[in-house]
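**Q** coordinates only, sequence not included:
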């Protein structure tokens, strides 16, 4: 549904909008989809969802020109606020004239047993999938929310946003979200990058817990459908795939094997994946902010100069 | 006392150090000073103090070259963490080769009655003065802590920092701190700027509450000694005073008369005070971060090119 604008905050010559809306498709949901809860066209979170939308100065000074959009998906425990406050994508987005969307990382207050018990499952840990298990399936549909409902509502309400020029990026669990959503929708997103992404969730503890809970322990086929390393294997050979990934060498989650960018890189072969290991950087927003400029510049190549495509 | 390095975080090619130390002068405090607690040479907070220190890349790549220092004083309710995470001074400090110090805004855990009762008095609200009232006088000596103890300990432990090139800035209550500490110590700081500073505390509710509590209601002479608008009146006529101040026109505290930069500007006459009213900006770190680059550039003129002086 339409967004309520809770606040407009001046920032880097543009505006950061605090938005809230009820997630629910406006068209009727087929009853069978409600029952099965499985990737139905109507699947969404059915909760109130908050997000941030940064509009660059060009959206104010030149309203008629269309503005490309970069979606930033956040990591475990975060909301859309953390990166908007600490990630420092905005000055670079302002410079290039790109809007940035910072969605939340899960439904909130869905009243599911155990929803708030873990930092890595349930609230703040939606993993950008459409859950199929009982309890989770009716609300935990972050894949459909991010890939369909949210952009569709944004383009409806904010007409300056260019639905034909959308890039996607993210941090940690959000890097997993960015990579998988990009790979599952060839041609839909013009660019993809990731900061310290969970790159092979079916082979790391965080991913195994999440996919086990959202898809069931047995449903391994479904697991693979949301694993960047599995997905990249079937990316068409003759189609280039340019991805910028940064990972800090002092990132404890990288060292613990939660991220596994090396598996993604190896599965991708010579498809143009650039994994940069940044000496001494950890997993925090101090790392994200340090390379935010490089990532926005990377996306701008694809989003701001259509002639490249 | 010496700093314990709690963490070293890679950031913008440099390092953000999380420091902690016990505030107490290492030389013996004269007993009379302990009794009176009034601006004694040994006055300090006597509590454990946490802070952040950003060291630019040049401190790592060229250890022998001396690094200028910018002190950023934070506002009400903040610690040294907020601006280090959200203020976005670091990329610009990295670019110019300037270290940035983010101290805390008050003693913590001094066990004074009412210390944690208000957001605008006591914890998080030290106002960068040496308190003279009973209860507060023994610990709330943030003026001496910032102006003497902290830099002295920093220059002792981090030898690359250049004690001859120090600038000072701050936000809100910290802007008040920056302006007053600069004005009370001619020649000690090479540059000063402020974001939405409390510029005339003796005439605003926040300042009146703080100064009443820290100096007593009757001690108006002392109040004036820590009021930027009063202090600037006695700045030597023939000495230039260049100050960069930014204030947002949508800043609620500005609208409520808590900041009064216009009084400071008027009192300064033609002394070179530049007050920029930034259309639509509020009082938050979204405002600070938007103009952080301008402020660091301003300080760099004085800190990085001694030939200018």
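**A** Received, thanks. Values in this document were obtained by computation on a predicted structure and should not be read as measured data.

**Q** ok, residue A:287 touching residue A:172?
**A** No - using Cβ atoms under 8 Å, residue A:287 makes no contact with residue A:172, being 10.2 Å away. In this view, the C-beta of every residue, glycine as well, is placed from N, C-alpha and C.

**Q** please name the bridge partners of residue A:11.
**A** residue A:14 (DSSP bridges).

**Q** so which elements touch the helix or strand that contains residue A:232?
**A** If you go by DSSP states H and E, residue A:232 is part of helix A:228-233. Identification of packing neighbours for helix A:228-233 by 3 or more Cβ pairs under 8 Å, 6 or more residues apart in numbering or on different chains; DSSP states H and E yields helix A:173-184, helix A:220-225, helix A:261-268.

**Q** and the ones you listed, which is most packed in?
**A** helix A:173-184 (a mean of 28; mean count of other Cβ atoms under 10 Å in any protein chain shown).

**Q** next SSE after that helix?
**A** Past helix A:173-184, the next helix or strand by DSSP H and E is strand A:191-195.

**Q** hmm, that following strand touching chain B?
**A** No - for strand A:191-195, no contact with chain B is found by Cβ under 8 Å from any Cβ of the partner chain; the gap never falls below 13.5 Å.

**Q** right, and the helix or strand after that strand?
**A** helix A:205-215.

**Q** what average pLDDT does that following helix get?
**A** For helix A:205-215, the mean per-residue pLDDT is 98.

**Q** closest to residue A:233 out of the helices and strands packed on helix A:228-233?
**A** helix A:261-268 (5.2 Å; Cβ to Cβ).

**Q** could you list the residues in contact with that closest one?
**A** A:179, A:196-197, A:199-200, A:203, A:228-230, A:232-233, A:235, A:241, A:243, A:245, A:247, A:254, A:273, A:275 (Cβ atoms under 8 Å, 6 or more residues apart in numbering or on different chains).

**Q** can you give the distance of it from its chain's centre?
**A** 19 Å (Cα atoms, centre = their mean, to the nearest Å).

**Q** any idea of the angle it forms with helix A:173-184?
**A** Angular relation of helix A:261-268 and helix A:173-184 on a 0 to 180 degree scale: 10 degrees, by axes from the mean of the first three to the mean of the last three Cα atoms, to 10 degrees.

**Q** for the helix holding residue A:232, buried residues please.
**A** A:228-232 (16 or more other Cβ atoms under 10 Å in any protein chain shown).

**Q** just stretch A:187-195 next, same as before
**A** So, applying 16+ other Cβ under 10 Å, buried residues of stretch A:187-195: A:189-195.

**Q** what's the closest of those residues to chain B?
**A** residue A:195 (13.5 Å; Cβ to the nearest Cβ).

**Q** re earlier: got TSV for the helices and strands packed on helix A:228-233, with mean pLDDT too?
**A** Formatted as TSV, those follow (pLDDT from 0 to 100):
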stretch	mean pLDDT
helix A:173-184	98
helix A:220-225	97
helix A:261-268	96
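
**Q** got these as TSV, with distance to residue A:50 columns?
**A** TSV is the format used below for those (distance: least, Cβ to Cβ, whole Å):
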stretch	distance to residue A:50
helix A:173-184	16
helix A:220-225	28
helix A:261-268	30
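
**Q** flag every buried residue along stretch A:149-161.
**A** A:149-151, A:153-155, A:158, A:160-161.

**Q** swap that for stretch A:116-131, sorry
**A** A:120-131.

**Q** kindly report the same for stretch A:52-72.
**A** For stretch A:52-72, by 16+ other Cβ under 10 Å, it's A:52-59, A:66-72.

**Q** does any part of it sit near chain B?
**A** No - counting by Cβ under 8 Å from any Cβ, no contacts exist between stretch A:52-72 and chain B, the nearest distance being 9.7 Å.

**Q** mean confidence score for that stretch?
**A** Stretch A:52-72 comes out at a mean pLDDT of 87.

**Q** what about it, start to end distance?
**A** 10 Å (Cα to Cα, to the nearest Å).

**Q** just the pLDDT at the closest residue to residue A:122 other than its chain neighbours, thanks.
**A** Sequence neighbours aside, residue A:115 is the residue nearest to residue A:122 in space, at 4.3 Å (criterion: Cβ to Cβ, 6 or more residues apart in numbering or on different chains). Residue A:115 is assigned a predicted lDDT (pLDDT) of 94.

**Q** and if you look at residue A:271?
**A** 83.

**Q** look up how far residue A:71 lies from it.
**A** In this view, residue A:271 and residue A:71 are 22 Å apart by Cβ to Cβ, to the nearest Å.

**Q** repeat that for residue A:93.
**A** 12 Å.

**Q** contact residues of chain A facing chain B?
**A** Near chain B, when you scan chain A using Cβ under 8 Å from any Cβ, you find A:9-13, A:16, A:85-86, A:88, A:90-91, A:248, A:250, A:278-282, A:284-287, A:289-290, A:293.

**Q** those residues, buried ones only, as a PyMOL selection?
**A** Applying 16+ other Cβ under 10 Å to the residues of chain A next to chain B, the buried members can be selected in PyMOL as follows:
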select buried, chain A and resi 9+10+11+12+13+16+85+86+88+90+91+248+250+278+280+281+282+284+285+286+287+289+290+293
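
**Q** so of the residues of chain A next to chain B, which ones are in strands?
**A** A:9-11, A:16, A:248, A:278 (DSSP state E).

**Q** the helices in chain A, which residues?
**A** A:31-36, A:57-61, A:80-86, A:90-96, A:142-144, A:150-157, A:173-184, A:205-215, A:220-225, A:228-233, A:252-255, A:261-268, A:285-303 (DSSP state H).

**Q** could you list the low-confidence segments of the stretch 101-250 of chain A?
**A** Counting by pLDDT under 70, the stretch 101-250 of chain A contains no low-confidence residues.

**Q** got the contact list for residue A:224?
**A** Residue A:224 neighbours (Cβ under 8 Å, 6+ apart): A:202, A:230-231.

**Q** one more time with 7 Å
**A** With contacts defined as Cβ atoms under 7 Å, 6 or more residues apart in numbering or on different chains, the neighbours of residue A:224 are A:202, A:230.
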